[in-house]
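K.L.:
Provide a 3D model corresponding to the input given below.
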Amino acid sequence: MKIKRKSLAAYYLMMLPGLIMLIMFNLVPLCGIVMAFQKFSPGKGILGSPWIGLENFQYMFSMRDTWSILYNTIYIAFFKIIGNLLVPLVFALLLNEVRHLCLIRFLTCTIHWCIPPVILLIRGFTERDLLIFNLAWRLL
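P.N.:
So this is what the prediction gives:
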């Protein structure tokens with residue numbers, strides 16, 4: 001069976017915004033990785049700066065705090081992954097055990113109203129948080 005290209009034009013058009021975002025946010029930043037191997041000067045730009053190889057990495061790993069910073073980064077990233085996997089999974093399993101349909105509807109509709117204020121209460125309000133919260137409340 002032969003597919004006409006004209007019939008696929010609409011699909012290609014729908015694919016275009018996602019492809020543009022993929023290029024902008026995933027491929028363009030990869031060009032910045034080159035700066036790690038250069039003695040970067042904003043005046044000269046990425047293409048004009050001289051190459052120095054692994055000297056930046058030697059300097060970074062020779063510093064005293066590098067290993068504690070690296071450990072903290074990996075530690076925080078690990079617990080973010082665990083938290084972002086386990087919390088929704090446990091909530092979904094607990095919600096699955098609820099037998100009353102009215103309660104399920106209530107929880108799924110109101111949970112997004114409950115979490116942001118609780119987070120703000122836990123970490124403490126700032127003036128910026130209150131401003132954003134008031135603006136969001138008025139828009140709803």
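K.L.:
which stretches of this protein have low pLDDT?
P.N.:
1-6, 119-140 (pLDDT under 70).
K.L.:
I'd like to know which elements the longest helix that it contains is packed against.
P.N.:
As assigned by DSSP state H, the longest helix anywhere in the chain is helix 66-97. In terms of contacts (3 or more C-beta pairs under 8 Å, 6 or more residues apart in numbering; DSSP states H and E), helix 66-97 is packed against helix 101-123. Yep, even glycine has a C-beta here, placed from its N, CA and C like the rest.
K.L.:
go again using 10 Å as the cut-off
P.N.:
Counting by 3 or more C-beta pairs under 10 Å, 6 or more residues apart in numbering; DSSP states H and E, the packing neighbours recorded for helix 66-97 are helix 55-62, helix 101-123.
K.L.:
Nearest to Pro17 among those would be which one?
P.N.:
Nearest to Pro17 among the helices and strands packed on helix 66-97 is helix 101-123 (26.3 Å), distances taken as C-beta to C-beta.
K.L.:
other SSEs contacting that closest one?
P.N.:
Secondary-structure packing of helix 101-123 (3+ C-beta pairs under 10 Å, 6+ apart): helix 66-97, helix 127-139.
K.L.:
Which positions within that helix qualify as buried?
P.N.:
Neighbour counts over helix 101-123 (16 or more other C-beta atoms under 10 Å) mark no residue as buried.
K.L.:
same deal with stretch 49-64?
P.N.:
Going by 16+ other C-beta under 10 Å, stretch 49-64 has these buried residues: Ser49.
K.L.:
Likewise for stretch 14-25?
P.N.:
The neighbour-count check on stretch 14-25 (16+ other C-beta under 10 Å) flags nothing as buried.
K.L.:
Any idea how far that stretch is from the middle of the chain?
P.N.:
Offset of stretch 14-25 from its chain centre (C-alpha atoms, centre = their mean, to the nearest Å): 17 Å.
K.L.:
List of residues touching it?
P.N.:
Residues from elsewhere that reach stretch 14-25, judged by C-beta atoms under 10 Å, 6 or more residues apart in numbering: 8, 12, 28.
K.L.:
Is it possible to get JSON lines of the residues you listed that adds distance to Leu89, secondary structure and neighbour count?
P.N.:
JSON lines is the format used below for the contacts of stretch 14-25 (distance: C-beta to C-beta, whole Å; DSSP: H, G, I helix; E, B strand; the rest coil; neighbours: other C-beta atoms under 10 Å):
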{"residue": "Leu8", "distance to Leu89": "38", "secondary structure": "helix", "neighbour count": "11"}
{"residue": "Tyr12", "distance to Leu89": "37", "secondary structure": "helix", "neighbour count": "10"}
{"residue": "Val28", "distance to Leu89": "34", "secondary structure": "helix", "neighbour count": "10"}
